[in-house]
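Asker: any chance you can model this:
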Amino acid sequence: MDILKLITEARTCRRYDQSRELPAGTLSWLVDCARLSPSGANMQGLRFATIVTPAKRDEVFRHLLWAAYLKDWPGPAEGERPTGYVVILAPSGEDGKIGNIDYINVGIAAQSMQLAAWSKGLGACMFGGYNAKAVMDMLPMPEKYSLALALALGYAKEERKIVPVGADGDIKYFRAAGGTHCVPKRDLKDLLVAEL
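Answerer: Predicted coordinates:
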């Protein structure tokens, strides 16, 4: 698949077909995609946990903050929830803070997994908003690691598309009539500052 097409189509997904379970081994395969991705200074410090059992999925779901721009939407209803999660753990200091290079590595790993998921027909949503303590209490946490990001995964049950940013400059995603999830993106000419 053309990489630009893959990036364009792999929009954040927030509603899933909960009746379709992920094929066995899918989440491990995604972690392997992250493992083989670039890593700053080749540190490879990230660790991962996968969650597929219904009880644990329900527990993770309760601790996520869904779609901050959609003020009147509390998150996917029963039947539209993710069927798997990958939790990314990063090394942290005594204060529990994650270093800058590790946050860069988290971004690389998460993007690799989201694109890999879409290449298999799966939607993904990256979460930086969650109750970290509650999620970490569920996991066998390695010493001196903290929760950095969670990815929700499943078969997409919503249409997502990119739309141009309007004249008002508003970049907030929204739901159009019919439920299509629209993601405003700035024009390339507004972002490319030089071609030397």
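Asker: can we go C-alpha only for contacts and neighbour counts from here?
Answerer: Fine.
Asker: quick one, domains of this protein?
Answerer: 3-157, 159-196 (automatic domain parsing).
Asker: just those domains: most buried one?
Answerer: Most buried of the domains of the chain by mean neighbour count (mean count of other Cα atoms under 10 Å) is domain 3-157; its value is a mean of 17.
Asker: show me where the protein has helices.
Answerer: With DSSP state H applied, the chain shows helices at 3-9, 26-35, 54-62, 100-119, 132-138, 188-191, listed in chain order.
Asker: out of the ones you listed, nearest to residue 175?
Answerer: Residue 175 lies closest to helix 3-9 among the helices of the chain, at 16.6 Å (Cα to Cα).
Asker: pLDDT of that closest one, averaged?
Answerer: The average pLDDT within helix 3-9 is 91.
Asker: list the helices and strands the longest strand seen in the chain packs on?
Answerer: Ordering each strand of the chain by length in residues (DSSP state E) puts strand 145-154 first. Packing partners of strand 145-154 (3 or more Cα pairs under 8 Å, 6 or more residues apart in numbering; DSSP states H and E): strand 84-91, helix 100-119, strand 123-127, helix 132-138.
Asker: which among the ones you listed is found nearest to residue 184?
Answerer: Nearest to residue 184 among those is strand 123-127 (16.8 Å), distances taken as Cα to Cα.
Asker: wait, what's in contact with residue 81?
Answerer: Counting by Cα atoms under 8 Å, 6 or more residues apart in numbering, residue 81 touches 14, 15, 16, 17, 18.
Asker: turn those residues into a markdown table, including pLDDT and distance to residue 5.
Answerer: Shown next, in a markdown table, are these (pLDDT from 0 to 100; distance: Cα to Cα, whole Å):
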| residue | pLDDT | distance to residue 5 |
| --- | --- | --- |
| 14 | 94 | 20 |
| 15 | 95 | 21 |
| 16 | 97 | 21 |
| 17 | 97 | 23 |
| 18 | 97 | 26 |
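Asker: of these, which belong to strands?
Answerer: Per DSSP E, the contacts of residue 81 never map to strands.
Asker: ok, which pair from those is furthest apart?
Answerer: 14 and 18 (11.6 Å).
Asker: could you double-check that residue 153 lies in contact with residue 121?
Answerer: No: between residue 153 and residue 121 there is no contact, the gap being 10.5 Å when judged by Cα atoms under 8 Å.
Asker: please enumerate the shared neighbours of those two.
Answerer: Contacts common to residue 153 and residue 121, judged by Cα under 8 Å, 6+ apart, are absent.
Asker: out of the helices of the chain, which is closest to residue 89?
Answerer: With Cα to Cα as the measure, helix 100-119 is the member of those nearest residue 89 (8.4 Å).
Asker: from the chain's centre, how far out does that closest one sit?
Answerer: A distance of 8 Å separates the centroid of the chain from that of helix 100-119, by Cα atoms, centre = their mean, to the nearest Å.
Asker: do the same with stretch 24-44
Answerer: Relative to its chain's centre, stretch 24-44 lies at 14 Å (Cα atoms, centre = their mean).
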